[in-house]
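>>> Using only what follows, build the 3D model:
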Amino acid sequence: MEERRKYARHRIYSPAEAKTALRTIPVVIREISVGGLKVHSASALTPKTRINVIINIGRELAINGHTVWVLEKVSKGNRFYQSGLDAVYIRDQEEDIYNIKQREKLIQEIVNLTQKKHKR
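Numbering: from 1, shown residues only. The predicted structure is shown next:
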């Protein structure tokens, strides 16, 4: 099967918040790339909904985009939802970053910082 993704995915584990126009729910970012995220949550996100995923890496970043897909999962008797999000831009300290190279740098910073936290 041919890989359809344009950008490399990085597996991480990072608590975050998903904010829509109607609600804010806690999520865990499980994969991240320049083009999007895979998150796990206790409640379902709605496909095609505009979303901001807020992650704190010593400063607050907002990954802005929309929900593409949602799957209901069960693991060890626990129900959760896995969602794929398309990233349009990243807000970093009041600056909206659309440029792919700049977004790649931020994604790598997130990956490096979350890996350091997870090793502790």
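
>>> Quick check: phi and psi at the nearest residue to Ala42 once chain neighbours are set aside.
Excluding the flanking residues, the one nearest Ala42 by C-beta to C-beta, 6 or more residues apart in numbering is Phe80, at 6.0 Å. Yep, even glycine has a C-beta here, placed from its N, CA and C like the rest. Here is the backbone geometry of Phe80 (degrees, to the nearest 10): phi -150, psi 170.

>>> I figured Phe80 was touching His40, is that so?
Yes: between Phe80 and His40 a contact is recorded at 5.4 Å, counting by C-beta atoms under 8 Å.

>>> Any regions of the chain where pLDDT drops low?
1-5, 116-120 (pLDDT under 70).

>>> distance of the residue nearest the centre of it from Arg50?
Central residue of the chain (C-alpha atoms, centre = their mean): Leu37, 3.7 Å from the mean position. Using C-beta to C-beta, to the nearest Å, Leu37 is found at 14 Å from Arg50.

>>> what do you get for Ile100?
Using C-beta to C-beta, Ile100 is found at 21 Å from Arg50.

>>> what sits against the residue nearest to Ala42?
Phe80 makes contact with 40-42, 72-74 under the criterion C-beta atoms under 8 Å, 6 or more residues apart in numbering.

>>> Just confirm the residue nearest to the centre of the chain is within a strand.
Yes: assessed with DSSP: H, G, I helix; E, B strand; the rest coil, Leu37 lies in a strand.

>>> which one is it nearest to, not counting chain neighbours?
Using C-beta to C-beta, 6+ apart and skipping the chain neighbours, the partner closest in space to Leu37 is Leu85 (4.5 Å).
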